[in-house]
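Asks: sequence unknown, structure follows:
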C-alpha cells in the first residue's frame, strides 16, 4: 500500500499500535519510533518477551497476550519472522499489518489482505506520519507529497 491517501487513512483512523520487537534501549530505531508515535497520540503497546515495561507501558511477550483490541501490528522483526507474525495479527483481529523499512514479504502480505487486513511494507510509521502530517518538511526534507488538494483533515 503505497498511495498517500491509503497511508493517511490508516495513520488517521487507527491509533492503537502493537510494536513487535520494541526495544527499551533509547538508541534503537524501534524505541525512537515508538516514542515519537506516543507523542502524536498513538497508544503504543510494546511486544517483546525480554521486558516487562517500555516507555511507561506494560510490555507483553506476544500479540496473543494483549488483553484489548489492536489496530496496527508494527513489525520491527526480521523478514523470516513475518509469516508467524502475520498469523498472529490475523488471529487477534488487527486491522493493519505494518512491516518496517527493508521488510517485504509478498506471501504474508497476500495472506493478510485475504484476511481483511491492510498491509504496508518497507515503510516506517514514524517517517510516514511525519511525511504526511507534518514534521519532516520543517527541516527542509523533500517529502515528495505535492498536491493542490486540501487534505480532508488537518493534523493540528
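Replies: Now that the structure is in, tell me what you want to look at. This one's a predicted model, so the numbers in the text were calculated from it and none came from an experiment. Numbering: from 1, shown residues only.
Asks: would you check how far apart the residue most central in space within the chain and residue 105 are?
Replies: Compute the mean C-alpha point of the chain, and by C-alpha atoms, centre = their mean the closest residue is residue 74, 3.8 Å away. Distance of residue 74 to residue 105, computed by C-beta to C-beta, to the nearest Å: 14 Å. In short, each C-beta sits where N, CA and C put it, glycine included.
Asks: is the residue nearest to the centre of the chain in a bridge, and if so with what?
Replies: Beta-bridge pairing of residue 74 under DSSP bridges involves residue 19, residue 98.
Asks: surely it meets residue 16?
Replies: No: the criterion here is C-beta atoms under 8 Å, and residue 74 misses it with residue 16 at 10.8 Å.
Asks: can you tell me how far residue 84 is from residue 8?
Replies: 29 Å.
Asks: comparing those two, which residue is more hemmed in?
Replies: residue 8 (19 against 13; other C-beta atoms under 10 Å).
Asks: nearest residue to that one other than its sequence neighbours?
Replies: residue 132 (5.4 Å; C-beta to C-beta, 6 or more residues apart in numbering).
Asks: mean confidence for the helix or strand harbouring the one you found?
Replies: Element membership for residue 132, per DSSP states H and E: helix 125-133. Across helix 125-133, pLDDT averages out at 91.
Asks: packing partners for that helix?
Replies: Helices and strands in packing contact with helix 125-133 are listed as helix 4-13, helix 29-39; criterion 3 or more C-beta pairs under 8 Å, 6 or more residues apart in numbering; DSSP states H and E.
Asks: let's go with 6 Å and repeat that
Replies: Applying 3 or more C-beta pairs under 6 Å, 6 or more residues apart in numbering; DSSP states H and E, one finds that helix 125-133 contacts helix 4-13.
Asks: which non-adjacent residue is nearest residue 25?
Replies: Distances taken as C-beta to C-beta, 6+ apart put residue 31 closest to residue 25, at 6.0 Å, once the chain neighbours are dropped.
Asks: quick one: the one you found and residue 23 touch, right?
Replies: Yes: using C-beta atoms under 6 Å, residue 31 makes contact with residue 23 at a distance of 5.2 Å.
Asks: next up, the contacts around residue 45.
Replies: Counting by C-beta atoms under 6 Å, 6 or more residues apart in numbering, residue 45 makes contact with 18, 66.
Asks: surely it is in a strand?
Replies: Yes: per DSSP: H, G, I helix; E, B strand; the rest coil, residue 45 lies within a strand segment.
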